[in-house]
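[1] generate a structure from the sequence data that follows.
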Amino acid sequence: MTRVRFGAFVIATLIGLSMAPSPAFAQCTASGAPASCGLPGSVSMTASRVVRLQMSAGSTALTAPTPADFDAGLNATTGPTVTVSANAAWTLSLRAAAATWTATNTSPGAPARTTKPAADLKWSTASNGSFSALTTSDANLVTGSATASNATTLYFQTLYSWTLDTPGNYSMSVVLTLTSP
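    Here you go, the predicted structure:
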């Protein structure tokens with residue numbers, strides 16, 4: 001009999017503890033009309049650096065050279081517009097993916113120039129500005145602070161030589177890199 005009473009006492013105690021109210025971190029009580037109750041609370045988050053680079057076109061067809069362009073040694077092409085969005089300071093740079101252009105023959109007996117240097121493409125952020133030769137090292141294109149939209153148009157000048165630039169299809173990959181230190 002003692003055993004039964006002890007078991008019943010333990011079960012009753014456990015039931016009583018499980019029904020006890022649990023401690024609340026915040027409570028609010030209101031009565032009457034109108035009744036209102038408010039409690040302070042908080043939320044938190046971590047926002048990391050976010051950058052986005054958009055380009056108006058994935059490739060640019062450079063203007064085909066004319067005899068006047070060969071005489072002048074160059075011609076000009078308006079390139080794509082690049083738009084940066086960032087929530088912190090940022091830098092946009094560009095470089096050639098290789099030291100030379102890729103060249104494909106188009107005329108029998110006149111092989112395309114496989115040694116045309118990347119520097120034969122010059123770039124600028126102003127159509128009438130100062131142009132820099134493209135290299136395989138990152139060159140600072142534009143920098144800025146946090147912005148929803150910073151648009152920059154690229155302008156190109158392609159250099160030509162009567163004696164060096166033989167007929168062919170020429171192409172080159174240009175790498176744009178957006179960083180936020």
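[2] quick one: the strands in this protein?
    Secondary structure of the chain, counting by DSSP state E: strands at 51-55, 74-86, 90-96, 102-104, 121-124, 132-133, 139-144, 147-159, 169-171, 174-179.
[3] contacts for the last one, please.
    By Cβ atoms under 8 Å, 6 or more residues apart in numbering, the list of residues contacting strand 174-179 from outside reads 51-53, 55, 82, 84, 86, 90-97, 121, 134, 138, 141. Heads up, the C-betas are built off the backbone N, CA and C, glycines and all.
[4] just the buried members of these?
    Among the contacts of strand 174-179, those scoring as buried are 51, 82, 84, 86, 90-96, 121, 134, 141 (criterion: 16 or more other Cβ atoms under 10 Å).
[5] in those residues, find the pair that's most separated.
    A86 and L121 (27.0 Å; Cβ to Cβ).
[6] my guess is D165 contacts R113, does it?
    Yes. Using Cβ atoms under 8 Å as the test, D165 is close enough to R113 to be in contact (5.8 Å).
[7] now do the nearest residue to G38 once chain neighbours are set aside against T63, distance only.
    Nearest residue to G38, sequence neighbours excluded (Cβ to Cβ, 6 or more residues apart in numbering): C28, at 6.7 Å. Noted for C28: a distance of 72 Å to T63, by Cβ to Cβ, to the nearest Å.
[8] of the two, who's got more company?
    T63 (14 against 9; other Cβ atoms under 10 Å).
[9] what pLDDT does R5 get?
    The model reports R5 with a pLDDT of 41.
[10] revised request: answer the last question for C37.
    Confidence score, pLDDT, at C37: 86.
[11] quick one: neighbours of it, just the number.
    9.
[12] and if you look at the one 10 residues further on?
    Under the neighbour criterion other Cβ under 10 Å, A47 is assigned a count of 7.
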